[in-house]
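Undergrad: coords please:
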Amino acid sequence: MKYKGIKTIVIVLVLNFLYSCHNSEPELSGVWSSVGYGKQMIIKDSTVILYDTYSGGCALFAEIPPKVFSNISEILNLTHDSLKIKVGLTVYEFTRANPEISPCNKQLIKNDPHSNFDALWNSFNENYSSFDLRGIDWDKMKEHYRPMLSDQSSDYELYSVLSQMISELKDGHVFLDAPDSIKNEPGIVYDNRIGDLRKRVISQINSKYIEKVHSYNKGNLIWGTIDGSIGYIQINNFEDLANYNISDSLSEDEFWEAYWEAAENRQSYTQDVLESFNNQMSLIIENLKSTEFCIIDVRFNSGGFDEAGLSVLSYFTNQRILAYTKKARNGLDFTQKQEIYIDPNPINYANPIYILTSNQTASASETFVLGSLNLPKVQRIGSNTAGVFSDVLDKRLPNGWNFGLSNEVYESPNNKNYEKTGINPDFKIDYEKDGFSFYKQLSSEIDTGDTAIEKALKLGKNQ
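TA: Numbers count the residues shown, from 1 in each chain. Okay, the predicted model is just below:
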């Protein structure tokens with residue numbers, strides 16, 4: 001899943017600027033309301049408080065103490081009345097609010113079943129970007145689900161009602177985290193079958209096709225050659241790719257325990273990922289640059305950081321190219337479109353590329369595929385991608401529960417929105433949409449030949 005929306009990192013980065021520029025004009029301290037995104041920042045000398053705002057109230061999202069934080073943001077503009085910040089690929093705008101009429105007064109923060117329902121419903125009503133596209137009458141959802149709750153409703157009942165309501169959106173970037181208080185309740189099930197079957201499929205592909213398999217971070221990045229002259233890169237995650245010098249001889253559980261312990265002690269996990277991944281990709285492209293063509297497999301990649309996907313694409317162009325545009329819901333309209341570009345890497349792979357996709361290709365791996373549409377010598381093989389492009393706008397309810405929603409619209413360079421439908425490939429394979437069924441389908445066919453890989457090999461050799 002991508003890290004999305006205006007998250008704690010935004011405030012962390014603002015703090016860096018605050019403490020370095022506190023005595024300068026204009027003042028950064030005060031109350032700031034976001035343009036779109038439903039956020040409010042209260043910046044003081046000793047802390048920054050971030051709230052989620054919605055019609056009728058607000059909820060505390062995070063409070064950040066003054067610490068040493070990494071400087072990975074860019075302050076684009078600060079005036080007496082406006083603030084513009086770039087974090088990652090996204091530009092966020094704020095306007096200065098009157099603290100006397102701030103919606104985040106304590107008397108407006110209510111915590112009871114109906115207030116929490118209203119907070120979630122209103123947050124979607126004011127920020128969600130695809131009601132029409134997904135055929136949802138959100139007012140009717142409220143009429144149907146709100147009466148199921150009472151003042152005496154338990155956490156489990158509240159969670160069940162909210163989960164049922166948002167599940168009707170059928171949006172992979174919409175979620176409500178189950179709180180600890182109900183994780184042992186019946187109906188809260190965690191299914192590991194898909195993960196186990198996914199590992200088996202990856203292992204089958206490696207054994208059948210790849211010569212001298214190279215693996216990084218427990219298989220999140222795999223590469224090698226096929227038949228000695230064809231490059232193969234399998235990117236299974238665009239997030240957990242930082243290099244913390246952890247021994248690959250550790251068990252998977254031990255490796256990731258050490259990995260996340262190291263990540264928690266770092267000032268900038270995102271920057272660690274991007275620097276490590278780019279270093280690794282540079283080595284891979286140098287190693288494969290003499291191959292006749294290259295297959296990039298993202299069929300098993302459910303997302304991560306958009307920047308990582310664009311970093312991969314930078315090796316396959318020698319000029320700056322528009323990847324896509326994005327805009328966020330802002331009331332009845334949208335924020336101004338932001339243009340996201342692919343900048344060429346000095347290390348360039350000039351031969352044809354075949355990208356393999358499935359319905360499991362989602363989020364950041366989809367923006368990777370979206371960015372490839374405007375590149376030469378690239379063809380896509382597989383099934384439509386998942387159709388979940390928007391950053392996840394992370395939010396909290398008054399009771400502290402975390403939830404997320406899609407508030408952005410990504411469009412191709414020719415202004416096409418692939419949300420819900422996904423990106424259709426150049427060469428279609430009828431993969432199952434359901435994850436478990438898809439991996440079962442793939443596992444059963446690999447011994448006689450992976451259809452997508454075989455198609456790429458045929459196309460590449462006949463070019």
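Undergrad: can you map out the helices along the stretch 101-250 of the chain?
TA: Taking DSSP state H, counting those that start in this stretch as the criterion, the stretch 101-250 of the chain carries its helices at 113-127, 138-145, 155-167, 193-209.
Undergrad: Rebuild these as TSV, extending it with mean neighbour count and mean pLDDT.
TA: For glycine as for every other residue, the C-beta is placed from the backbone atoms N, C-alpha and C. Output for the helices of the stretch 101-250 of the chain, formatted as TSV (neighbours: other C-beta atoms under 10 Å; pLDDT from 0 to 100):
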stretch	mean neighbour count	mean pLDDT
helix 113-127	21	96
helix 138-145	14	98
helix 155-167	18	96
helix 193-209	16	93
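Undergrad: Tell me which of those lies nearest to E261.
TA: Closest approach to E261 among those (C-beta to C-beta): helix 193-209, 21.6 Å.
Undergrad: what's the spacing between V174 and F438?
TA: Distance, V174 to F438, by C-beta to C-beta, to the nearest Å: 21 Å.
Undergrad: E411: neighbouring residues, count only.
TA: If you count neighbours by other C-beta atoms under 10 Å, E411 ends up with 17.
Undergrad: which residues touch it?
TA: Listed by C-beta atoms under 8 Å, 6 or more residues apart in numbering, the contact set of E411 reads 324-326, 337, 417.
Undergrad: Give me the contact list for stretch 281-292.
TA: So stretch 281-292 is contacted by 214, 223, 225, 229-231, 233, 294, 311-312, 315, 345, 347, 349, 351, 460-461 (C-beta under 8 Å, 6+ apart).
Undergrad: make it 7 Å
TA: 223, 225, 229-231, 233, 294, 311-312, 315, 347, 349, 351, 460 (C-beta atoms under 7 Å, 6 or more residues apart in numbering).
Undergrad: Would you pull up how far the host helix or strand of I340 lies from the middle of the chain?
TA: Assigned by DSSP states H and E, I340 belongs to strand 338-342. From the chain centre to the centre of strand 338-342 is a distance of 16 Å (C-alpha atoms, centre = their mean, to the nearest Å).
Undergrad: now swap in stretch 447-455 and tell me
TA: Centroid separation between stretch 447-455 and its chain, computed with C-alpha atoms, centre = their mean, is 29 Å.
Undergrad: ends of it, how far apart?
TA: Counting by C-alpha to C-alpha, to the nearest Å, you get 15 Å between the two ends of stretch 447-455.
Undergrad: pLDDT on that stretch, on average?
TA: Mean pLDDT, taken over the full extent of stretch 447-455, equals 96.
Undergrad: Identify all contacting residues around that stretch.
TA: 205, 209, 295, 356, 381-382, 427, 429, 445.
Undergrad: got a winner among those residues for most neighbours?
TA: G382 (30 neighbours).
Undergrad: give the contact list for that residue.
TA: With C-beta under 7 Å, 6+ apart, G382 has these contacts: 299, 356-358, 425, 429, 431, 452.
Undergrad: Which secondary structure element is home to L356?
TA: strand 353-357.
Undergrad: So which elements touch that strand?
TA: Strand 353-357 sits against strand 293-297, helix 364-372, strand 378-382, helix 451-461, with contacts defined as 3 or more C-beta pairs under 7 Å, 6 or more residues apart in numbering; DSSP states H and E.
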